[in-house]
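Enquirer: build the 3D model from these lines:
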Amino acid sequence: MVAHQFDDAAQQREASTLGMWVFLATEIMFFGGLFAAYTAYRYKYPVGFAEASRHLDLLLGGINTAVLLTSSLTMALAVRSAQVGKRAQIVGFLVLTMLLGLAFLGIKAYEYHEKFAHHLVPGASFAFGGMHAREAKMFFYLYFAMTGLHAIHMLAGVAVVFYMTVAAARGKFTPGYYNPLEVTGLYWHFVDIIWIFLYPLLYLIA
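Expert: Numbering: from 1, shown residues only. You can find the predicted model right below:
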């Protein structure tokens, strides 16, 4: 299935892969602004940020890290299954990837609920005891901005993986044509890598 603007399948694959890498580069710059803001405020308010970080659930953050690492494995196995032409395995690994992504979002939603319940969401009802309430409020501004943006990317990834699952079930991917699945994998791994940075920055600083 070569689009009319390409000479052959190899050129189409190279163009789509390059396009995804360019897109991911823009995403890195997007997240980079938040990481830079976090670094500046963390340097300015080290004690307040450390105290605020203690209100995050280290266990849930660790479970989510394991969930995403596992989802990267299942995504890679789905691409490998496409390379060797095993349709049932492609669908199975994509379903597992999607379920793991949804599990991550479910755990994150529970964490958000806990922050609302304990009035740790920046706003009129924000309540943080001690001398560093203002610094803690900045920490939670960044926490919700960074993890919320990441969750949106994860939700988009789940939607794309669902589409890829339907396409795989219909036999769209073969050993000679699996590039859409491959570039989806690149995006999924990118989202996972972002979390690998977020977890220590937000959860482990105390």
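
Enquirer: who's in contact with stretch 70-88?
Expert: Under the contact criterion Cβ atoms under 8 Å, 6 or more residues apart in numbering, stretch 70-88 has outside partners 89-90, 93-94, 96-97, 100-101, 104, 161, 164, 168-169, 171, 173-175, 178, 181-182, 184-185, 188-189, 192. (C-beta placed from N, C-alpha, C; glycine too.)

Enquirer: now go through those and say which are in helices.
Expert: Among the contacts of stretch 70-88, the members falling in helices are 89-90, 93-94, 96-97, 100-101, 104, 161, 164, 168-169, 181-182, 184-185, 188-189, 192 (criterion: DSSP state H).

Enquirer: and the buried ones among the residues you listed, selectable in PyMOL?
Expert: Remark: buried members of the ones in helices among the contacts of stretch 70-88, expressed as a PyMOL selection using 16 or more other Cβ atoms under 10 Å:
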select buried, resi 89+90+93+94+96+97+100+101+104+161+164+168+181+182+184+185+188+189+192
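
Enquirer: so how far is residue 118 from residue 78?
Expert: 39 Å (Cβ to Cβ, to the nearest Å).

Enquirer: more crowded one of these two?
Expert: residue 78 (31 against 11; other Cβ atoms under 10 Å).

Enquirer: now do stretch 155-169: distance to the chain's middle.
Expert: 15 Å (Cα atoms, centre = their mean, to the nearest Å).

Enquirer: ok, and what's touching that stretch?
Expert: 75, 78, 82, 87, 90-91, 94-95, 97-98, 101-102, 105, 173, 180-181, 184, 187-188, 191.

Enquirer: switch the cut-off to 10 Å
Expert: By Cβ atoms under 10 Å, 6 or more residues apart in numbering, the surrounding residues in contact with stretch 155-169 are 71, 74-75, 78, 81-82, 87-102, 104-105, 172-173, 178, 180-181, 183-185, 187-192.

Enquirer: may I have it as PDB, with CA atoms only?
Expert: Provided in PDB are the C-alpha atoms of stretch 155-169 (Å, rounded to 0.1, in the frame of the first residue of the first chain):
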ATOM      1  CA  LEU A 155      -4.700   8.800  26.400                       C
ATOM      2  CA  ALA A 156      -3.900   9.700  22.800                       C
ATOM      3  CA  GLY A 157      -1.500   6.800  22.700                       C
ATOM      4  CA  VAL A 158      -4.200   4.400  23.900                       C
ATOM      5  CA  ALA A 159      -6.600   5.700  21.200                       C
ATOM      6  CA  VAL A 160      -4.000   5.200  18.500                       C
ATOM      7  CA  VAL A 161      -3.100   1.700  19.800                       C
ATOM      8  CA  PHE A 162      -6.800   0.800  19.700                       C
ATOM      9  CA  TYR A 163      -6.900   1.900  16.000                       C
ATOM     10  CA  MET A 164      -3.800  -0.200  15.300                       C
ATOM     11  CA  THR A 165      -5.500  -3.200  17.000                       C
ATOM     12  CA  VAL A 166      -8.500  -2.900  14.800                       C
ATOM     13  CA  ALA A 167      -6.300  -2.600  11.700                       C
ATOM     14  CA  ALA A 168      -4.200  -5.600  12.800                       C
ATOM     15  CA  ALA A 169      -7.300  -7.700  13.400                       C
END
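
Enquirer: appreciated, that's everything.
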